[in-house]
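Student: Have a look at this prediction, sequence included:
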Amino acid sequence: MCDQSSKTCEVRSAKCEVHCTVRSISHPAPRTPHGFSQRGFTLLEVIIALAILGVSFALAMELLANGVRSAKASEEYTQAVLLARQKIAEMAITPSLEGSAEQGDFGGGFHWSSEVQPLPQEEDLPARLYQVRVRVTWPGRRREKSLDLYTMRMAVDENLLGQTLSGQGGQGSGGGGLLGRQKKR
């Protein structure tokens, strides 16, 4: 029962026993014409693998840097919107609106400017609409960045309110939110 190609067998005549021993068949590594073994990686294969690994690592680092820059820009724009909304809320309680323009500094590199312009009206009404613009600027990597927020505000002249609503006893409201009242002096 011995395979003659990989084992050697001896038959002993006295007891008719068969002893098989496994013979190690090893295939020597093929050699190149220069006598080098073809097992393992060549220097060229290792260099190519390292180059691919290096390019992959560089691309991963660039993606990470872009993500950090995007997060920073998002944070700056969010802060600019919050600061502009804060300034608009402050302007909502300002009693005088006539064509005002102001500017200032929030700190942290953020600056603001505001402009209030009356909107044209066809009729002489006790309420007047104004367009309010707040611009927030801050330094960027390459150039200055800015954000503009616009809203409308209504100011009511109570002296004219009594004249136009004379049949209603002069009752009226200036509304809520960014609506306010303006008195002529």
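Tutor: That came in fine, so what should we check first?
Student: pLDDT below threshold where in this structure?
Tutor: Counting by pLDDT under 70, the chain has low-confidence residues at 1-38, 95-99, 160-185.
Student: where do the helices sit along it?
Tutor: 43-92, 158-164 (DSSP state H).
Student: you'd agree A155 is up against R128?
Tutor: Yes - at 5.3 Å, A155 counts as touching R128 under the criterion of C-beta atoms under 8 Å. Placement of C-beta: from N, CA and C, glycine included.
Student: Looking at those two, which one has more neighbours?
Tutor: A155 (22 against 18; other C-beta atoms under 10 Å).
Student: Next, work out how far apart the more buried one and L119 are.
Tutor: Counting by C-beta to C-beta, to the nearest Å, the gap from A155 to L119 is 11 Å.
Student: Please enumerate the shared neighbours of the two.
Tutor: Counting by C-beta atoms under 8 Å, 6 or more residues apart in numbering, the contacts common to A155 and L119 are R128, Y130.
Student: check contacts around Q131.
Tutor: V116, Q117, L119, Y150, T151, M152.
Student: Please check those residues and keep the buried ones.
Tutor: V116, T151 (16 or more other C-beta atoms under 10 Å).
Student: For V81, give me its contacts.
Tutor: Residues near V81 by C-beta under 8 Å, 6+ apart: V136, L147, L149.
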